[in-house]
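Engineer: fold the stuff below for me.
(one chain, ligands or ions: 1)
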Amino acid sequence: MYRSHNCGELNASHINKEVTLAGWVQKSRDKGFIVWVDLRDRYGITQLVFDEERTSKDMMDQAQNLGREFVIQVKGTVIERASKNPNIPTGEIEILVSELNILNEAKLPPFTIEDKTDGGEDIRMKYRYLDIRRNPVKNSLIFRHKVTQEVRNYLSKEGFIEVETPYLIKSTPEGARDFVVPSRMNEGQFYALPQSPQTFKQLLMVGGMDKYFQIVKCFRDEDLRADRQPEFTQIDCEMAFIEQEDILNAFEGLTRHLLKEVNGVEVDKFPRIQYDDAMRLYGNDKPDIRFGMEFGELNEVAQHKDFSVFNSAELVVGIAVPGGNSYTRKEIDKLIDWVKRPQVGALGMVYCRCNEDGTFKSSVDKFYVQDDLAKWAEATGAKAGDLICILSGVKNKVRAQLSALRMELAERLGLRKPDEFAPLWVMDFPLLEWDEETERYHAMHHPFTSPKPGQLELLKTDPGAVKANAYDLVLNGNEIGGGSIRIHDKETQSLMFDYLGFTPEEAKAQFGFLMDAFQYGAPPHGGLAFGLDRLVAILGGQETIRDFIAFPKNNSGRDVMIDAPAPIDDNQLEELSLKLNIKE
Ligand code: ASP
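Structural biologist: Down below sits the predicted model:
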C-alpha cells in the first residue's frame, strides 16, 4: 500500500494516528537540527517534520538531501503543529516521520511548481506534465471534468444517447481546411479527419437514434488566431422529430443546468435576438450583453451638413461611453490612435462630449450645432457626462470596428465581469455569405442547413437575403454553440449543393451517401454543437482555453512537448506511396 491517506485530508481529528503518505517534495526548510518538508499530491500539501531528537541520523541526512519534486513515501505519526497555518486544510497538523522511502529522484524543474510560477508559456508547454502539477492547471482540468460530467448527466437524463462516430472519414465542410491522413491500404487515397461529426449525426437520425450526443474531438486546419486549437472538443448533439423551439429549449436547459451546478448561478429565460438586430445594435453576431453601449445609427441625423466624411459614408454609427466625458483630450487622442491601429482599421473617429450642463462639444463643431448633437445623444442613448464615439464608412467594416471599440472600452471600464453570465440566442442567420476571395456564396453555417420556410425561391433572385433556420448560443460575447434545422429531403439538398457551386458529380462523390440515406425515410431533424473548451473556460471565469486543455498546441499548431508534427522516414513515405515536394 503506497498510502493510507492523501496529502489534503489530514487534520486535527487524526492526531496520534499512524499514516502513510506519498507525493512530491514541494519544498523543504532545513534549520540543521530540524527539517520541514512540504509533501504535495493532487489533493493538497501536508507538512512533514524530521528532527534531530526523534529522527535517526541516517534519515536526517536523507531528509536534508531531498530535492524539489523528488517522489517520496513516508510513514509517521500525525502530530499537532506548533505554529499553525489557517490557510490550508492540513494546517493544524504535521507528520513526524518514522520511515522515509525515496521512490524516485527528480532533476531540478525548469520552472517553479507554484501557483505563480516563474516559467513563461513556452517553457511550461514544453514541460506540460510539470505545469499540470501546478494548482491553476490542475484545478482547470478538474473543473473541466466536472463540466463534462454534468453534461453527460443532464443529457443522459433527457434521453440522449452518446454514440461515437469515426475519425477517419471524408470531408465535412464546416468552412475550414481538412486535416488528411493517407491510407496505406488504398494507395493515393486519403481520409479526412472530421471538422465535426455533422454528416454522421444526421445519419444517426436516419438510423432512428432520435436523440444523440457525443463529447468529441474535431479537427480544423486553420491559420490559428490566438486562442484557437487545431483539434478541439465539441458537445455535439442532434435530435429528430423536433422543431427549432425544441432544440433551443433542450440546450438552454443544459446551459442553465451547467450554470447552476457548476457556478451556482440561476439565469432567467435566455433572451433572443435576430442576427440582423445583433449586427445593427452591436456590430457583431456574438454580442456581449453584460453591458449596454448599444450602437446608435446616425445617418439620418448626421448626413445633412457639409461634413463630407459622413455624407459619403454608407453608415455613420456611434456609441455612448458611460462617464466618458471625464476623458482628457490626450486620452481621447489615444482612443483615436487605438481605432486607427491596423487590427481595427478605422480611418479616424469623431467624438462628442456630453457636458454635465446639457451642452455638447464635438470634434466637428464646425459642421454641427447643439441641436444636431442632441440628436446624436438621443440616438446613442448618451447622458450628461458621457462621451459619444462615432465611426463611419462601409457598413460591414464600420460595424466591426465600432464593435471592437465597444469591447475594448467595456474591458477598460470593468464592465466585462467574469462572474456575471449573460447568455443570448442569436437567431435567423443568413443562409449564405459572400466570399470575397472565391467570389462565391458559401454556406454560412454548413450546406446541410435548411432555409427558412418559403425562402427557397429567393435563392435564385437574392441569395444573400435568404435566412436560415440557424441559431447560435452566445455567452459573454463568445459563441459557445451553434446549430440549425437540417434539410432532410434529397431534392432540397441537391438544390443547395447546386447553389453552392457543387456540380452534381462533385456532390455525389462527396455527399452521395447522405443523399442516398435521405431516400430511405429521413425524419425531420436538427441539432447543434457547443465548443466545450471555450464553454469550460467561460464558466471557469477565464478568457483563454489553453489551461483547460491538458496538452494544447501552440499558435503554429505544434505540440512543443512531443515535438509534433515531425517528418516521417522514407520507408513510411514509401509504404504510403507518397513523395514529398517541398518548395524551398
Ligand atoms: N456541425 C456544426 C458545427 O460544428 C454544428 C451543428 O450544426 O450541429 O458548427
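Engineer: how about the residues of this protein near the ligand?
Structural biologist: Counting by C-beta under 6 Å from any ligand atom, the chain comes close to the ligand at 174, 196, 198, 482-484, 527-529. Yep, even glycine has a C-beta here, placed from its N, CA and C like the rest.
Engineer: can you give me the strands in the stretch 1-150 of the chain?
Structural biologist: 18-30, 34-41, 44-51, 71-80, 93-104 (DSSP state E, counting those that start in this stretch).
Engineer: and the longest one, what other elements does it pack with?
Structural biologist: Judged by 3 or more C-beta pairs under 8 Å, 6 or more residues apart in numbering; DSSP states H and E, strand 18-30 is in contact with strand 34-41, strand 44-51, strand 71-80, strand 93-104.
Engineer: got it, and the second one?
Structural biologist: Packing contacts for strand 34-41, counted by 3+ C-beta pairs under 8 Å, 6+ apart, involve strand 18-30, strand 44-51, helix 57-64.
Engineer: could you export the helix or strand bottoming out on mean pLDDT in the chain as PDB, CA atoms only?
Structural biologist: Least confident helix or strand, the chain: helix 458-461 with a mean of 86, by mean pLDDT, DSSP states H and E. What follows is helix 458-461, C-alpha atoms only, in PDB (Å, rounded to 0.1, in the frame of the first residue of the first chain):
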ATOM      1  CA  LEU A 458     -35.300  33.700 -53.100                       C
ATOM      2  CA  LEU A 459     -32.100  31.700 -53.600                       C
ATOM      3  CA  LYS A 460     -32.400  32.400 -57.300                       C
ATOM      4  CA  THR A 461     -33.000  36.100 -57.100                       C
END
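Engineer: and for it, what are the contacting residues?
Structural biologist: 431, 451, 465-466, 495, 499 (C-beta atoms under 8 Å, 6 or more residues apart in numbering).
Engineer: kindly export the helix with the most length in the chain (C-alpha atoms) in CSV.
Structural biologist: Scanning the chain for the helix with the most residues, using DSSP state H, yields helix 135-157. Provided in CSV are the C-alpha atoms of helix 135-157 (Å, rounded to 0.1, in the frame of the first residue of the first chain):
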residue,chain,number,x,y,z
ASN,A,135,-2.8,24.3,-9.0
PRO,A,136,-4.1,26.6,-11.7
VAL,A,137,-3.7,24.0,-14.4
LYS,A,138,-4.6,21.0,-12.2
ASN,A,139,-7.8,22.8,-11.0
SER,A,140,-8.8,23.8,-14.5
LEU,A,141,-8.6,20.2,-15.6
ILE,A,142,-10.6,19.1,-12.6
PHE,A,143,-13.1,21.8,-13.4
ARG,A,144,-13.4,20.6,-17.0
HIS,A,145,-14.1,17.1,-15.7
LYS,A,146,-16.9,18.5,-13.6
VAL,A,147,-18.5,20.3,-16.5
THR,A,148,-18.3,17.2,-18.8
GLN,A,149,-19.8,15.0,-16.1
GLU,A,150,-22.7,17.4,-15.7
VAL,A,151,-23.2,17.5,-19.5
ARG,A,152,-23.3,13.7,-19.6
ASN,A,153,-25.6,13.6,-16.5
TYR,A,154,-28.0,16.1,-17.9
LEU,A,155,-28.2,14.9,-21.5
SER,A,156,-28.5,11.2,-20.4
LYS,A,157,-31.3,12.1,-18.1
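Engineer: between that helix and strand 44-51, how many degrees?
Structural biologist: Between the axes of helix 135-157 and strand 44-51, defined by axes from the mean of the first three to the mean of the last three C-alpha atoms, to 10 degrees, the angle is 140 degrees.
Engineer: what's the first-to-last distance across stretch 297-316?
Structural biologist: End-to-end span of stretch 297-316 (C-alpha to C-alpha, to the nearest Å): 6 Å.
Engineer: quick one: contacts for E314?
Structural biologist: So E314 contacts 393-395, 398 (C-beta under 8 Å, 6+ apart).
Engineer: hmm, try it at 10 Å
Structural biologist: 299, 392-398 (C-beta atoms under 10 Å, 6 or more residues apart in numbering).
Engineer: ditto for V267
Structural biologist: V267 neighbours (C-beta under 10 Å, 6+ apart): 252, 255-256, 259-260, 421-423, 475.
Engineer: try 7 Å this time
Structural biologist: 256, 259, 421, 423 (C-beta atoms under 7 Å, 6 or more residues apart in numbering).
Engineer: ditto for Y471
Structural biologist: Neighbours of Y471 in contact, by C-beta under 7 Å, 6+ apart: 244, 248, 425-427, 482-483.
Engineer: rebuild these as JSON lines, extending it with pLDDT.
Structural biologist: Shown next, in JSON lines, are those (pLDDT from 0 to 100):
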{"residue": "Q244", "pLDDT": "96"}
{"residue": "L248", "pLDDT": "97"}
{"residue": "W425", "pLDDT": "98"}
{"residue": "V426", "pLDDT": "98"}
{"residue": "M427", "pLDDT": "97"}
{"residue": "G482", "pLDDT": "97"}
{"residue": "G483", "pLDDT": "97"}
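Engineer: just to revisit the earlier point, reformat the strands of the stretch 1-150 of the chain as a markdown table; add distance to A404 and mean neighbour count.
Structural biologist: Converted to a markdown table, the strands of the stretch 1-150 of the chain look like this (distance: least, C-beta to C-beta, whole Å; neighbours: other C-beta atoms under 10 Å):
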| stretch | distance to A404 | mean neighbour count |
| --- | --- | --- |
| strand 18-30 | 43 | 18 |
| strand 34-41 | 43 | 21 |
| strand 44-51 | 43 | 21 |
| strand 71-80 | 49 | 18 |
| strand 93-104 | 51 | 18 |
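Engineer: many thanks, we can stop here.
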